[in-house]
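>>> Sequence plus the predicted model coming up.
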Amino acid sequence: MSGLEKSLFNLTFTAKQLNKQAERASKAEQAEKRKIKKAIQQGNNDIAKLYAQNAIRKQNERLSLLRLASRIDAVASRVSTAVTMRQVTGNMSAVVKNMDKAMESMNLEKMSMVMERFESQFEDLDVTTSYYEDAGNVSNAVAAPQEEVDLLLQTVADEAGLEMRQDLEAKTPATNIPTVKEVDEDNLGERLRALRS
């Protein structure tokens, strides 16, 4: 910890202590005001004046402490700015030194050659990948005729049960099988005729 940082710590600590003392003075002022009220209710005007003087003194003490705490806080803020600026200056000088070293080691011709090589390798990789994808699609299409695929799907569907069969039936053209809705409508029509007669 440098001297400035120690000073900053001491200043902030002192400002906090002054604020706490100001709170205590405020509480004491409120207590004196309650005593004034109690003395007036009891008819002790002289004692009430003494309590009033104490309350005013505590109020002035609180204001003085708050002013002093505010001034110390302002100084602490300036010291904090100085500490921060010193740290930033140190960091920036280190960055500038590192940037100088990096700029010295950078060779633009080498960088452009490396980037061109990278781009050509990337294009070669892209061409190779697309060739393999196209070849894979062609070999898949040649290797398995559609009838065999459908037959295998039907066999697996028979083994798996109704769920697969229903999926396959949904994909095949439908025959004239009455749906549940049509059957229900017929039944409802018959019931309606029976009720009317």
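Ah, there it is.
>>> What separation do you get for residue 45 and residue 39?
For residue 45, the distance to residue 39 equals 8 Å [C-beta to C-beta, to the nearest Å]. For the C-beta atoms, the positions are set from N, CA and C on the backbone; glycine is no exception.
>>> So which of those two has more stuff around it?
Ranked by neighbour count (other C-beta atoms under 10 Å), residue 45 and residue 39 place residue 39 first, with 18 against 9.
>>> what helix or strand is the more buried one on?
Per DSSP states H and E, residue 39 falls inside helix 3-42.
>>> what packs against that helix?
helix 45-105 (3 or more C-beta pairs under 8 Å, 6 or more residues apart in numbering; DSSP states H and E).
>>> Show the subsequent helix or strand relative to the helix it packs on.
helix 108-143.
>>> quick one: average pLDDT of that next one?
Taken as a whole, helix 108-143 carries a mean pLDDT of 71.
>>> that older thread, let me know the angle separating the helix holding residue 39 from helix 45-105.
Angle of helix 3-42 versus helix 45-105, following axes from the mean of the first three to the mean of the last three C-alpha atoms, to 10 degrees, is 160 degrees.
>>> Buried residues, helix 3-42. List them.
Residues of helix 3-42 classed as buried: 7-8, 11-12, 14-15, 18-19, 21-22, 25-26, 28-29, 32-33, 35-36, 39 (neighbour count, 16 or more other C-beta atoms under 10 Å).
>>> got the end-to-end distance for stretch 134-154?
The straight-line separation of the ends of stretch 134-154 (C-alpha to C-alpha, to the nearest Å) is 29 Å.
>>> give the contact list for residue 47.
residue 39 (C-beta atoms under 8 Å, 6 or more residues apart in numbering).
>>> All further residue positions should be reported with the first residue as 46.
OK, 46 is where the count begins now, so the last one is residue 92.
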